[in-house]
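Colleague: model this:
(one chain, ligands or ions: 1)
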Amino acid sequence: TAKPILFHVTNSVAIITLNRPDKLNAFNREMALLLQTYLDDCADKAIRCVYITGAGKGFSAGQDLVEVTEPDGPGMARILSEHYNPIITRIRNLPKPVIAAVNGVAAGAGANIALACDIVVATASASFIQAFSKIGLIPDSGGTYFLPRLIGHQKASALMMLGDKVSATEAERLGMIYKVIPDESFEAETLQMAHKLAQMATLGLAYTKLALIASAENSLEAQLEKEDELQQKAAASNDFAEGVQAFLEKRAAIFQGH
Ligand code: T3D
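Modeller: Take a look at the predicted model:
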């Protein structure tokens, strides 16, 4: 049978494809553990951008709801601690940009895995659903952390309680995602974005990610200190030297990612 996740690297971009298309890429245990393995593989320095998308017409419908009823299944007690929480922390801790290319419906944990990524882009026909309330659960996979920070407490609260389907266009308007891209050009444009990021100053982007993450908790004073600390590290990189040199020589910089 086909692997529930596909993984390949091209031009320093790791492409991770959620691959249970007949189940809208709903996550079972095998798939959740394999995603963790592949995210670990993305630590490789040769990988400078990670691109997560779905096979077929959906991005991911979240937890496989058949699996939760199986007597020999992983059981509710393990699903967050062993499946989703380690996925979310891996995405956040990867010192490189992670793109969610949301090619179709993203529901439940599927939606919140996307929201944990650094840049979320969606096809015009995609949608986002905080589906949890409809089955008596609370939003997980970092949803209660990310969504109110992205769109504000009130809108997050309503979307999470009502479980309304949000179109990609509406998600962009709310600030939930970066951009909607037409279906026809979605794959080409989003892969182009990934390849562009993979040629940029990876360390600088990693410190940008760290600074933004710290910003969610810090006072202004603490954040200014954080910027100072990370900027000194960025300024010590080969890529900063190359960036300045290239600017002075009026040529395109060639960044090595360190
Ligand atoms: O411990 C814990 O369990 C907590 C963890 C929670 C994490 C979560 O993610 S909870 C939320 C789980 N997800 C959902 O509740 C969403 C369920 N799916 C849907 O509501 C709908 O499928 C969608 C709105 C996402 C899409 O609707 P539509 O009409 O485009 O597609 P469909 O016909 O419903 O689905 C297509 C197939 O995928 C269908 O299979 P079939 O009938 O053709 O054999 C459907 O059953 C299957 N599918 C969709 N979602 C899931 C699923 N199978 C298993 N689990 C799913 N989540």
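
Colleague: May I see the buried residues of stretch 207-217?
Modeller: Under the neighbour-count criterion of 16 or more other Cβ atoms under 10 Å, stretch 207-217 has Y207, K209, L210, A211, A214 buried. Bear in mind the C-beta positions are built from the backbone N, C-alpha and C, glycine included.

Colleague: What distance do you get for F59 to Q256?
Modeller: 32 Å (Cβ to Cβ, to the nearest Å).

Colleague: Show me the beta-bridge partners of the residue in the stretch 151-258 of the chain that the ligand sits nearest to.
Modeller: The stretch 151-258 of the chain approaches the ligand most closely through K165 (7.0 Å), counting by Cβ to the nearest ligand atom. Assessed by DSSP bridges, K165 has beta-bridge partners I129.

Colleague: how far away is E67 from the ligand?
Modeller: For E67, the distance to the ligand equals 8 Å [Cβ to the nearest ligand atom, to the nearest Å].

Colleague: do N93 as well
Modeller: 21 Å.

Colleague: pLDDT value on that residue, please?
Modeller: Listed pLDDT for N93 reads 98.

Colleague: Let me see the backbone angles for whichever residue of the stretch 101-250 of the chain sits closest to the ligand.
Modeller: Closest contact between the stretch 101-250 of the chain and the ligand, by Cβ to the nearest ligand atom, is at G108 (2.6 Å). Per-residue torsions, G108: phi 60, psi -130 (degrees, to the nearest 10).

Colleague: how many other residues sit next to it?
Modeller: 27 (other Cβ atoms under 10 Å).

Colleague: got it, and A241?
Modeller: Under the criterion other Cβ under 10 Å, the count of neighbours that A241 has is 12.

Colleague: Over to the closest residue to V120 other than its chain neighbours. Which of the three states is it?
Modeller: In space, and not counting its chain neighbours, V120 is closest to I177: 4.2 Å by Cβ to Cβ, 6 or more residues apart in numbering. Using DSSP: H, G, I helix; E, B strand; the rest coil, the structure places I177 in coil.

Colleague: unless I'm mixing things up, I177 is touching A106, no?
Modeller: No: between I177 and A106 there is no contact under Cβ atoms under 8 Å: 9.7 Å.

Colleague: hey, what's in contact with both of those two?
Modeller: A114, A122, F128 (Cβ atoms under 8 Å, 6 or more residues apart in numbering).

Colleague: Put together JSON lines for those residues, with distance to T10, pLDDT and neighbour count on each row.
Modeller: Formatted as JSON lines, the shared contacts of I177 and A106 follow (distance: Cβ to Cβ, whole Å; pLDDT from 0 to 100; neighbours: other Cβ atoms under 10 Å):
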{"residue": "A114", "distance to T10": "22", "pLDDT": "99", "neighbour count": "29"}
{"residue": "A122", "distance to T10": "22", "pLDDT": "98", "neighbour count": "29"}
{"residue": "F128", "distance to T10": "28", "pLDDT": "98", "neighbour count": "29"}
